[in-house]
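A.B. asks: Kindly generate the corresponding structure for this input.
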Amino acid sequence: MKPDRRSFSSYELAKRVIDVGLAFAAIVVSAPIMIVVMVIIRMDSSGPSLYRGLRIGLHGKPFYILKFRTMSVDAEQRGGSCTSDDDSRITRAGAFLRKSKLDELPQLFNVLFGTMSLVGPRPEVKQFTDLFTAEERAILDVKPGITDWATIWDSDEGALLLGAADPEQAYMERIRPMKLRLQLEYVRKRSLWVDFTILFHTVSLVTCRLLRRQVGPTAQTRPFATHKETGD
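C.D. replies: As a prediction, the model looks like this:
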């Protein structure tokens, strides 16, 4: 049963307060890391340290998502929106940033600006939201987030697409159906408890990656990951 207007508003207000508080704290703590990453990116390849990608957000409104640049500056002209680990557009520094998920850190500013939440369906490019069915459009009724169940499930999309002759077709066939299913599951059952559970799993996953430890079975068998679009 869907929450009534009062409980829904209370949830959204509490969620926003938590988003701002945790995002601000995370920015303060990770600021030295972000500065170092920006320097490394500039030393590794020509172009800006940050990438601004157009995504579809709450109620279908476009916004710019912030990420550390992990690909060449002409990546969008050289290929599609889905990226495998062997994509020639990925820079040397970018390969590490993608695997460690450090490329996602600038999205904390998206959370502060209010265009994203810490937890919510990962925002897509218009190419894929245009394919939403009437049922799937419910995903756009929720503010997009940095992480969700689908993000955890598909935590290494580049590896799943490795060797694919057509990464976008492989994404459509291997990843998108389960991703949408998990996003709809979040939309239907979202709560503060669910949000904290997802955050806990995400922090655990990222910590394991940074420590270079094995983080469980492959994405195809995990129950609950990210679509790496061009410029990620």
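
A.B. asks: Provide a list of residue ranges in the protein with pLDDT below threshold.
C.D. replies: For the chain, applying pLDDT under 70 flags the ranges 1-8, 78-86, 155-165, 167, 212-232.

A.B. asks: In it, spot the helix with the most residues.
C.D. replies: Ranked by number of residues, the top helix in the chain under DSSP state H is helix 5-44.

A.B. asks: Pull the residues that contact the helix or strand following that one.
C.D. replies: Using DSSP states H and E, the helix or strand that follows helix 5-44 in sequence is strand 50-56. By Cβ atoms under 8 Å, 6 or more residues apart in numbering, the surrounding residues in contact with strand 50-56 are 38, 62-71, 106, 123-126, 129, 140, 144, 229-232. (Glycine included, C-beta is placed from N, CA and C.)

A.B. asks: Parallel or antiparallel, list what pairs with the next helix or strand after strand 50-56.
C.D. replies: Where DSSP H and E defines the elements, the next helix or strand beyond strand 50-56 is strand 62-68. When pairing is defined by DSSP bridges, strand 62-68 lines up against strand 50-56 (antiparallel).

A.B. asks: Only C-alpha atoms, please: export the strand it pairs with in PDB.
C.D. replies: Taking Å, rounded to 0.1, in the frame of the first residue of the first chain, the C-alpha atoms of strand 50-56 are listed here in PDB:
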ATOM      1  CA  LEU A  50      35.100  16.900 -14.200                       C
ATOM      2  CA  TYR A  51      32.500  15.400 -16.500                       C
ATOM      3  CA  ARG A  52      29.000  16.900 -16.800                       C
ATOM      4  CA  GLY A  53      26.600  14.500 -18.400                       C
ATOM      5  CA  LEU A  54      23.000  15.200 -19.300                       C
ATOM      6  CA  ARG A  55      20.600  12.800 -17.500                       C
ATOM      7  CA  ILE A  56      16.900  12.500 -16.900                       C
END
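
A.B. asks: Just the buried positions in it, please.
C.D. replies: Neighbour-count burial for strand 50-56 flags 51, 53, 55-56 (criterion: 16 or more other Cβ atoms under 10 Å).

A.B. asks: Kindly report the same for stretch 106-124.
C.D. replies: Buried residues in stretch 106-124, defined by neighbour count with 16+ other Cβ under 10 Å: 106-108, 110-111, 115-124.

A.B. asks: what's the most distant pair in these?
C.D. replies: L108 and E124 (19.9 Å; Cβ to Cβ).

A.B. asks: ok, and the residue lying closest to P121 once chain neighbours are set aside, which helix or strand is that part of?
C.D. replies: Nearest non-adjacent residue to P121, counting by Cβ to Cβ, 6 or more residues apart in numbering: Q183, 4.1 Å away. Element membership of Q183 [criterion: DSSP H and E] is helix 176-189.

A.B. asks: Can you give the distance of that helix from its chain's centre?
C.D. replies: 14 Å (Cα atoms, centre = their mean, to the nearest Å).

A.B. asks: cool, and stretch 191-205?
C.D. replies: Per Cα atoms, centre = their mean, the centroid offset for stretch 191-205 relative to its chain is 14 Å.

A.B. asks: what does that stretch rub up against?
C.D. replies: For stretch 191-205, the external contacting residues (Cβ under 8 Å, 6+ apart) are 11, 14-15, 18, 118-119, 146-149, 151-152, 155, 186, 215, 224.
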